[in-house]
Structures are given as C-alpha cells and as structure tokens.
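sequence first, predicted model second:
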Amino acid sequence: MNRAFITGITGQDGSYLTEFLLDKGYEVHGLVRRSSTLNRSRIDHLAGNDRLHLHYGDLTDGVGLVNLVRSIEPTEVYNLGAQSHVKVSFEMPDYTASTNSIGTLRLLEAIRASGMSCKFYQASTSEMFGSTPPPQNEDTTFHPRSPYGASKLQAHWVTINYREAYGLFAVSGILFNHESPRRGENFVTRKITRGVAAIRAGLTDTLELGNLDATRDWGYAPEYVVGMWQMLQADEPDDYVLATGEGHSVRAFCEAAFSHAGLNWQDHVVHNDMYERPSEVDALLGDATKARTHLGWEAKTTALDLARLMVDSDSAELEMSLKK
Ligand code: NAP
Ligand code: F7E
C-alpha cells in the first residue's frame, strides 16, 4: 500500500493533499504539533477515516523525526511544514531557519539514515527568486529578499544535494502563491476577502493593508497539490515550477474582490505601514512550461476567479457564524 507522511498536514496545502491522497487509496500519516488548544480545523472533517493517522512531532525535533520515519515506513514524504509567513520571518528569523532549513535537513537525514527508499517532496517557493525580474522558471537565478526566502533556498539546495549525493528520489516543487478558502487569515488574499465579507455585512468599514503595488502569480491550492503528487510519480526526480503565468497587483486583487461584492475598494482600504516589509519582493510571475510538458500539469483557476470564489466563501462563512 502507498503510505504518505506529510509534515504541515494541518495547513492549507496539507489538508488538500490529505484529501487527494486518501481519495487515491493512500494511508496518510501526518505530523501535528502539540499546542494548548487543538488546531486541526482544516482536517477535522477527515477524522474517523481509518487510513488517516496523526503523530505528535515538530520539524525542530530531529530525534522525533527519526523515530517517526522508522515507525511509519513511508513510501512518500511531503515536507510542507514551515513557518510560512514572510513578514513574520523578519521577526522570527532564527526560528524560521531552524524549522524551514534545518527542519528539512533533519527530515532528509532521518530518511537517509533509515536506509528506506521512500520518495521526498520539498515545498520550495517563488520567494527564492526574490528580486530577480519575471518571468521566473527553473533556470532563473535566486535572490531571496527575506529570512523566509533564504531559509527555503537552503532547504531547496539540501534537497538537491541529497538527490545527488545519496541517489534519493527527492524533488522540489517551486510553487508560486496559491490560495483558497483555507488560506491562513494573515496572507493578503484571505485578509482582503475576509475584509470584504465583514464590510459587506456592516461589521466594519475599513481594511488596513501595506504595499498594494507588489504583483503575484496567484493560483488555486487544490490544483497545486495534484502537481506535488505528479512530481513524485515521474520516472526521474527533478524540480518544477507550478504557476498560472498571470501576474496581478495586490491593488488589482482588491479591486476584483470588492467589486464582486458591489463595493468600491478605494472607499474602504487604508494604508498601514505596519504591513510593509523591510525588503519586498516586487514582482513574481511563473513560467510552468516544464511542468506542463513533462507532467501534464496546468493551472486552471486564475487570480480573479479566486478573488470571487474566496469572497463568496468568506461571506457564506460569516453569515453562518452571525446566524449562530
Ligand atoms: P500553512 O497553511 O502556513 O501551513 C504550514 C504548516 O506547517 C502547518 O501545518 C503548521 O502547523 C506547520 N508547521 C509550522 N511550524 C512547524 C514546525 N516547527 N514543525 C512542524 N510543522 C510546522 O502553509 P501552506 O500555505 O499550506 O504552505 C505549505 C508549504 O508550502 C509551506 O512549507 C510553505 O512555506 C510552502 N509554500 C507555500 C506557498 C503558498 O502560496 N501557499 C507557496 C510556495 C511554498 P500548525 O497548524 O500547527 O501551525
Ligand atoms: O503577501 C503584500 C505583501 O503575505 C503578498 C506565502 O505563502 O507566498 C506567500 O508569501 C503581497 C506582499 O504572501 C498586506 O507585502 C500588502 O507583497 O499574502 P502574502 P507572500 O509574501 O507572497 C509565497 C509564495 C510563500 O512561499 C509564502 O509561504 O501582499 N501585502 N498588504 C500584504 N501582505 C500581507 N500578508 N498582509 C497585508 O496587510
């Protein structure tokens, strides 16, 4: 039986990947962090599935990872766990590096030392391109602009090194931004769509944001987790960009989200310096030709579809909670 081990199972991507793999008949093992209150709302609906198993652990706990890899004996490992917020990485650089860079090394080393021949997926990111101008693909020079981007770049290179040095089937998916109704509330798309829902419901009148000029290549998370799996099914391990090929500014996303609710964004969005970053990534736009040619993967949902889909979802969620 195919047995997957997923770090970051409680996150946006981890939850969609778990649904996808369970549907494919996999046994799924997920790493969950101990916290004083349970933080599993994205996978609660899967509880009770007898092919889903959760294990306490943390990417900063190497011994725990060694023990888990040995006891689970996974056929595929998806390393999605991370301190994934770019702005927070400027405030917690040490923890970000320990989790994202050294955490990846700990997991790879646990796999290597076990002697098992499982496949490994690393969640690399377009943030590694940083200030290198678009379009960006697998051959583009890296120039990260945050402790997050730098931590992911080290993890990216160590993944390549374990492939070259030990012959591990290890791949990196260089994924551009991907969003959904399950996106964390402090990433800009979800912050905007939740803001629109609250303004439409009359709960507030303003939404505070930082830099509106940055452009991103925003895709739909459920489509991107399929690409992760496809990378592990390829004949040879390799690295792939996943992206839509469309770039939109934060301002354009705002405009689409507010206008879908019949609102004018300029009447509500106010600037707050607090949301600016010490160094910004101005423009990301991915070229996913390699993934399309080699894997048959293609993004279908565009940023403007996403804005509408996420506003509808947040409005419905808010309406439900107000009824309660
Ligand atoms: P997310 O929603 O922020 O989820 C992050 C996951 O990592 C959560 O399950 C979190 O657990 C877990 N985690 C955090 N610190 C950990 C630690 N020390 N040990 C073990 N687990 C830890 O992120 P996402 O959007 O699903 O992204 C998944 C991965 O892809 C991340 O590695 C991210 O950096 C990368 N990525 C994301 C995007 C994107 O646009 N979404 C693009 C490129 C790459 P808790 O629930 O307990 O906090
Ligand atoms: O910011 C600007 C901000 O935090 C997008 C992570 O998943 O994707 C994500 O990183 C843009 C930036 O995502 C606010 O300055 C303006 O230019 O939604 P974000 P991100 O930094 O692109 C990559 C690919 C990852 O790998 C990461 O894990 O929006 N912006 N005003 C704002 N951003 C936030 N969060 N909040 C604001 O108020």
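Thanks, I have the structure now. Residues are numbered from 1 along each chain as shown. Ligands and ions are numbered 1, 2, ... in the order given.

look up phi and psi at Glu76.
With angles defined as degrees, to the nearest 10, Glu76 sits at phi -140, psi 130.

that one is in contact with Leu17, isn't it?
No: counting by CB atoms under 8 Å, Glu76 stays clear of Leu17, with 10.4 Å between them. Just so you know, the C-beta spots here come from the backbone N, C-alpha and C atoms, and that holds for glycine as well.

which of those two has more neighbours?
Counted by other CB atoms under 10 Å, Glu76 and Leu17 do not tie: Leu17 has more neighbours, with 28 against 21.

quick check: the nearest residue to that one once chain neighbours are set aside vs Phe20, distance?
Distances taken as CB to CB, 6 or more residues apart in numbering put Val225 closest to Leu17, at 4.2 Å, once the chain neighbours are dropped. According to CB to CB, to the nearest Å, Val225 and Phe20 sit 5 Å apart.

have a look at the two and say which one is more surrounded.
A side-by-side neighbour count of Val225 and Phe20, using other CB under 10 Å, places Val225 first with 25 against 17.

thinking again about what came up before, separation between the residue nearest to Leu17 and Glu179?
In terms of CB to CB, Val225 sits 13 Å off from Glu179.

surely His29 is within a strand?
Yes: under DSSP: H, G, I helix; E, B strand; the rest coil, His29 falls within a strand.

that one is in contact with Met1, isn't it?
No: counting by CB under 8 Å, His29 does not reach Met1; the two are 11.9 Å apart.

quick check, the residue in the protein closest to ligand 1?
Nearest to ligand 1 in the chain, going by CB to the nearest ligand atom, is Gly11, at a distance of 2.1 Å.

now do the contacts for the closest residue to Tyr240 other than its chain neighbours.
With CB to CB, 6+ apart as the criterion, Tyr240 has its nearest non-adjacent residue at 4.4 Å, and that residue is Ala291. Ala291 sits next to 227, 230, 240-242, 297-298 when contact means CB atoms under 8 Å, 6 or more residues apart in numbering.

of the residues you listed, which is the nearest to ligand 2?
Leu242 (10.5 Å).

so which residues on the protein come close to ligand 2?
When proximity is defined by CB under 6 Å from any ligand atom, the chain lies next to ligand 2 at 84, 86-87, 125-127, 176-177, 186-188, 191, 209-211, 214, 216, 250, 275, 277, 280.

up against ligand 1, what does the stretch 51-200 of the chain have?
Residues of the stretch 51-200 of the chain lying close to ligand 1 (CB under 6 Å from any ligand atom) are 58-60, 80-84, 99, 123, 125, 175, 177-178, 184.

just those: which are in helices?
Among these, none falls in helices (DSSP state H).

narrow these to those that are buried.
58-59, 80-84, 99, 123, 125, 175, 177-178 (16 or more other CB atoms under 10 Å).

who wins on neighbours among the contacts of Ala291?
Within the contacts of Ala291, most neighbours by other CB under 10 Å means Leu242, with 29 neighbours.

which stretch of helix or strand covers Gln154?
For Gln154, the element it lies in under DSSP states H and E is helix 147-166.

spell out the residue ranges of the helices in this structure.
Ranges of helices in the chain, per DSSP H, are 12-23, 62-72, 86-91, 93-97, 103-114, 147-166, 188-200, 221-233, 250-260, 289-295, 303-323.

buried sites along the last one?
Using 16+ other CB under 10 Å as the test for burial, helix 303-323 gives 303-304, 306-307, 309-311, 313-315, 318.

and for the fourth one?
Of the residues in helix 93-97, 93, 96-97 count as buried by neighbour count, 16+ other CB under 10 Å.

other SSEs contacting that helix?
On a contact count with 3 or more CB pairs under 8 Å, 6 or more residues apart in numbering; DSSP states H and E, helix 93-97 meets helix 147-166.

re earlier: can you lay out the buried ones among the residues of the stretch 51-200 of the chain next to ligand 1 as TSV showing pLDDT?
Compiled in TSV, these are given as follows (pLDDT from 0 to 100):
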residue	pLDDT
Asp58	98
Leu59	98
Leu80	99
Gly81	98
Ala82	98
Gln83	98
Ser84	98
Thr99	98
Ala123	99
Thr125	99
Leu175	99
Asn177	98
His178	98
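
mind picking the two most distant members of those?
Farthest pair in those (CB to CB) is Asp58 and Asn177. Separation: 25.6 Å.

pretty sure Met310 contacts Ala257?
Yes: with contact defined as CB under 8 Å, Met310 counts as touching Ala257 (7.3 Å).

now the residue of the chain closest to ligand 1. Nearest residue, chain neighbours left out?
In space, and not counting its chain neighbours, Gly11 is closest to Leu80: 6.2 Å by CB to CB, 6+ apart.

for Gly245, what are its contacts?
135, 217, 285-288, 299.
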